[in-house]
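1. the following comprises the amino acid sequence and a computationally predicted model.
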Amino acid sequence: MDSHIRNQSTGDDEDSGDSIVVRRIQRLSLHLNPISHASDYTQSIIDTLSCASKTKQLSLNTEPLSDYMRGKYVDIQERIFDYFNSRPDLQTPIGISMDDHRELCYRQLVSLIKEAGIKPLRYITEDVEKYFAILEAVGSIDMSLAIKFGVQYSLWGGSVLNLGTKKHREKYFEGIDNLEYMGCFAMTELHHGSNVQGLQTTALFDPLTDEFIIDTPNDGAIKWWIGNAALHGKFASVFARLLLPTYDDKGVSDMGVHAFIVPIRDLETHQTLPGIEIHDCGHKIGLNGVDNGALRFRSVRIPRENLLNRMGDVSRDGKYTSGIPTVSKRFAATLGELVGGRVGLAFSSVSVLKVVCTIAIRYSMIRQQFGPPKKPEMLILDYQSHQHRLMPMLASAYAFHFAAKSLMGKYSDMKKFQDDKEIGDIHSLSSGLKAYITTYTAKALSVCRESCGGHGYAAVNRFGSLRNDHDIFQTFEGDNTVLLQQVAGDLLKQYQEKFQGGTLSVTWNYLKESMSSYLSQPNPVTSRWESADHLRDPKFQLDAFRYRTSRLLQTAAVRLQKHSKKLGGFGAWNRCLNHLLTLSESHIETVILTKFIEAVQSCPDENSRAGLKLVCDLYALDRIWNDIGTYRNVDYVAPNKAKAIHKLTEYLSFQVRNIAKELVDAFELPDQVLRAPIGMKSTSTEEVYTHYTQIVGF
């Protein structure tokens, strides 16, 4: 009997009834997945792994791959890179103080808009993909600049465009675009961050003066961590509870959270306006080029027209009207218009991952360490342990790139067509991708630093500043744990609708098939298939990801129903929270793999497609191996297949290592953008170390 399909879990005698059944199943598997000389095949895998250096290597052409990756907005990114390269006075030095960094970041932004002629605001509504391409390039120059840029245009500008109406656009558009109206996005409060419905700042309508009175009722309601507030902001989009007088025992009617334009500084003198208190949030772990501040409002009066009234309006006589019937639905619609921030963060986090992967991989391809006796030292990337660290990470950078690009396309379509289903889909998908990608990148930053040894600890090689600047990505625009719960909640809603005969949203559509087919008992035949062709088949990979998500979804629904009887809905949710977070991560990994496979299949260049297929296989099998316990526990993967997955993952890491230079070169990150001596696009070790020593003063 062929050794690679032998049932290693049974010790029964071959003549027993059980062994006859086993042999029949095994023989059937050979018909379904024929392998000539199967035992020889197993040995060939071992031989291939042990003699990997003799294997024919894939040769990758960087240029067509780069063209496919970067898309149609290369020109504007190159324009931004060239502009900052021509202005050394605008480049951020190592160890800059907070005050100097804030001033430099402001000059960088002003120069980009007024001298380089970048006009980003119109792209938010007309061509959002071009806007994100600009944001990616700006973030490569300085992450503080990207955040300040995003506060001005995505948040402050975006709130005016998306939550306001024609009158607001006509009044504020040009001033925001040319930086005359520098602004803030005042949502987060000292007491409430992610729980936006719990905000306490109030906006009471006064019908006698036709004004809203903005007030901070207690210390917990102070607006906190507000970008652009400490120094440069002149306006703020303030999120507050809209209160209308009722002239009865209630006194006021709470219409829920709305957004209001509140001037905070004089346009001419830049002095703080009456009733406004501004305090500096001070030095932070990172992003010290951004002037975060705290705002308190003491009976600040603003005209009724300053209500951003797309979701609801107040008439001169104090009557509230809205095309959206309930407070909760208006709140959901308001937040739905602000998902661009999460889309931008996911996109920017991928950019950071590309940067650190490039630095770490290029260094590991010139750094030599140890080796066989009396022979040259080996490159550290030739060590299997180093490949295991960095190659799946490089594969993840590619996977995240295509997932974020797909999300950006969906967001662009949502802005154009305003489809209700698409809006809900984007809200949940952007939450999940932002949470998953930023968490992964935060961990990758530490791994890349460690993989570069002592030189990775030098500030000039940027791992420290990048890690500190990126760290907050896990918190703002929604804490990652909270965002993953939103994904879980939407999955459970889809699960319920599936059994009530409802329709599923676009991204979740695979559940329709998976809930009926993937939850049956694992196939005892396919659970043992271990050929490389089978393991590298996109169908197997997607089936494995979808099976895991579907099983987690079903068991989560059962557990929640069970616990809710004793603990209530909130208590049951808390009891199952870790399970729900795992469910969300599994679903997002499924979405990412789906988009990666689609990108591979759509690549027009055959050579690039072969390289992407290799990288995609590594991403998929590495994720399966990392969670192999789950698959083993439900017998989805037999022991022999698990072993084959592990071996193939190691071999794919080796194969990706052979084209790692071309893969990072395809990101097209110029040396002046990377700004890390050990990450230069160099041809020799001597050149890298000469540049490095010169920078530190030799």
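-> Yep, that arrived.
2. so Phe260 bridges to which residues?
-> With DSSP bridges as the criterion, Phe260 is bridged to Val238, Leu307.
3. what residues are up against it?
-> Listed by CB atoms under 8 Å, 6 or more residues apart in numbering, the contact set of Phe260 reads Ala203, Phe212, Ile214, Ser237, Val238, Phe239, Ala240, Ile302, Asn306, Leu307, Leu308. For every residue, glycine as well, the C-beta is placed using N, CA and C.
4. in this structure the second one contacts Glu305, no?
-> No: Phe212 is beyond contact range of Glu305, at 9.9 Å (criterion: CB atoms under 8 Å).
5. the more surrounded of these two?
-> The neighbour count for Phe212 versus Glu305, taken as other CB atoms under 10 Å, is higher for Phe212 (27 against 16).
6. for that one, list each beta-bridge partner.
-> With DSSP bridges as the rule, Phe212 is bridged to Phe205, Ile302.
7. wait, what's in contact with it?
-> With CB under 8 Å, 6+ apart, Phe212 has these contacts: Ala203, Leu204, Phe205, Asp206, Leu242, Phe260, Arg301, Ile302, Pro303, Arg304, Asn306, Leu307.
8. how many residues are close by the second one?
-> Other residues within reach of Leu204, judged by other CB under 10 Å, total 17.
9. begin at 182 from here
-> OK, 182 is where the count begins now, so the last one is Leu385.
10. do you know how far it is from Phe441?
-> 11 Å (CB to CB, to the nearest Å).
11. same deal with the last one?
-> If you measure Leu488 against Phe441 using CB to CB, the figure is 6 Å.
12. rewinding a little: just the buried ones from the contacts of Phe441?
-> Neighbour counting with 16 or more other CB atoms under 10 Å marks Ala384, Phe393, Ile395, Ser418, Val419, Phe420, Ala421, Ile483, Asn487, Leu488, Leu489 as buried within those.
13. pLDDT and distance to Arg283 for those residues - can I get that in JSON lines?
-> Shown next, in JSON lines, are the buried ones among the contacts of Phe441 (pLDDT from 0 to 100; distance: CB to CB, whole Å):
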{"residue": "Ala384", "pLDDT": "97", "distance to Arg283": "30"}
{"residue": "Phe393", "pLDDT": "98", "distance to Arg283": "31"}
{"residue": "Ile395", "pLDDT": "98", "distance to Arg283": "26"}
{"residue": "Ser418", "pLDDT": "97", "distance to Arg283": "21"}
{"residue": "Val419", "pLDDT": "97", "distance to Arg283": "23"}
{"residue": "Phe420", "pLDDT": "95", "distance to Arg283": "25"}
{"residue": "Ala421", "pLDDT": "96", "distance to Arg283": "27"}
{"residue": "Ile483", "pLDDT": "98", "distance to Arg283": "28"}
{"residue": "Asn487", "pLDDT": "98", "distance to Arg283": "28"}
{"residue": "Leu488", "pLDDT": "97", "distance to Arg283": "32"}
{"residue": "Leu489", "pLDDT": "96", "distance to Arg283": "28"}
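14. what residues are shared contacts of Leu488 and Phe441?
-> Ala384, Phe393.
15. run a quick neighbour tally on the residue lying closest to Leu448 once chain neighbours are set aside.
-> Nearest residue to Leu448, sequence neighbours excluded (CB to CB, 6 or more residues apart in numbering): Lys415, at 6.0 Å. Close neighbours of Lys415, defined as other CB under 10 Å, add up to 19.
16. give me phi/psi at Lys415?
-> phi -110, psi -20 (degrees, to the nearest 10).
17. got a list of what it touches?
-> Tyr362, Met363, Gly364, Pro444, Ile445, Arg446, Asp447, Leu448, His451.
18. now restrict these to buried residues only.
-> Among these, the ones that count as buried by 16+ other CB under 10 Å are Tyr362, Met363, Gly364, Pro444, Ile445, Arg446.
19. among those, which are located in helices?
-> Assignment to helices by DSSP state H places none of the buried ones among the contacts of Lys415 there.
20. between those, which is nearest Leu342?
-> Gly364 (12.0 Å; CB to CB).
21. Gly792 against Asn839, yeah?
-> No: using CB under 8 Å as the test, Gly792 is too far from Asn839 to be in contact (10.3 Å).
22. can you pick out the residue with more neighbours from those two?
-> Gly792 (27 against 17).
23. how about the contacts made by the nearest residue to Val533 once chain neighbours are set aside?
-> The shortest distance from Val533 to any non-neighbouring residue, by CB to CB, 6+ apart, is to His651 (5.1 Å). Under the criterion of CB under 8 Å, 6+ apart, the neighbours of His651 are Met324, Gly467, Ser530, Val533, Thr619, Thr622, Ala623, Leu626.
24. and what of Met250?
-> Per CB under 8 Å, 6+ apart, neighbours of Met250: His582, Ala847, Phe848, Glu849.
25. tell me the contacts of the second one?
-> When contacts are counted by CB under 8 Å, 6+ apart, Ala847 is found next to Thr243, Leu246, Ser247, Met250.
26. count of residues packed around Pro506?
-> 8.
27. show the subsequent helix or strand relative to whichever strand or helix holds the residue nearest to Val533.
-> Following DSSP states H and E, one finds His651 within helix 644-652. Using DSSP H and E, the helix or strand that follows helix 644-652 in sequence is helix 661-680.
28. buried set for that following helix?
-> 661, 664-669, 671-673, 675-676, 679.
29. is it possible to get TSV of these that adds distance to Tyr312 and pLDDT?
-> Output for the buried residues of helix 661-680, formatted as TSV (distance: CB to CB, whole Å; pLDDT from 0 to 100):
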residue	distance to Tyr312	pLDDT
Asn661	24	94
Leu664	22	94
Leu665	26	96
Gln666	29	95
Gln667	24	92
Val668	25	94
Ala669	30	94
Asp671	26	89
Leu672	30	90
Leu673	33	90
Gln675	30	80
Tyr676	35	80
Lys679	36	65
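30. among the contacts of Lys415, which two are most distant?
-> Gly364 and Asp447 (14.4 Å).
31. got a list of what Cys538 touches?
-> Here Cys538 is in contact with Leu571, Met574, Leu575, Ala578, Ala625, Cys629, Val845 (CB under 8 Å, 6+ apart).
32. secondary structure class for His439?
-> Under DSSP: H, G, I helix; E, B strand; the rest coil, the three-state class of His439 is strand.
33. give me the distance between the nearest residue to it once chain neighbours are set aside and Gly432.
-> Nearest residue to His439, sequence neighbours excluded (CB to CB, 6+ apart): Leu423, at 4.4 Å. Between Leu423 and Gly432 the distance is 15 Å, computed by CB to CB.
34. Ile653 now?
-> Taken as CB to CB, the span from Ile653 to Gly432 is 40 Å.
35. give me the more crowded residue out of these two.
-> Ile653 (20 against 9).
36. isn't that one right next to Asn469, touching?
-> No: Ile653 sits out of contact with Asn469 when judged by CB under 8 Å, with a separation of 11.4 Å.
37. straight-line length of stretch 264-283, end to end?
-> 20 Å (CA to CA, to the nearest Å).
38. can you lay out the buried ones among the contacts of Phe441 as TSV showing distance to Asn376?
-> Below are those laid out as TSV (distance: CB to CB, whole Å):
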residue	distance to Asn376
Ala384	18
Phe393	23
Ile395	20
Ser418	18
Val419	17
Phe420	12
Ala421	15
Ile483	25
Asn487	25
Leu488	23
Leu489	21
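39. may I see the buried residues of stretch 344-361?
-> Leu344, Gly345, His349, Tyr353, Phe354, Gly356, Ile357, Asp358, Leu360.
40. list the contacts for the first one?
-> This points to Leu344. Per CB under 8 Å, 6+ apart, neighbours of Leu344: Ser418, Ala440, Leu489, Arg491, Met492, Thr515, Glu518, Leu519.
41. Ile403 and Val438, how far apart?
-> Distance of Ile403 to Val438, given as CB to CB: 16 Å.
42. again but with Gln735, I slipped
-> Distance from Gln735 to Val438, by CB to CB: 35 Å.
43. next, the angle helix 661-680 makes with the lengthiest helix in the chain.
-> Scanning the chain for the longest helix, with DSSP H as the assignment, gives helix 719-756. With axes from the mean of the first three to the mean of the last three CA atoms, to 10 degrees defining the directions, helix 719-756 sits at 110 degrees from helix 661-680.
44. no further queries at this time; thank you.
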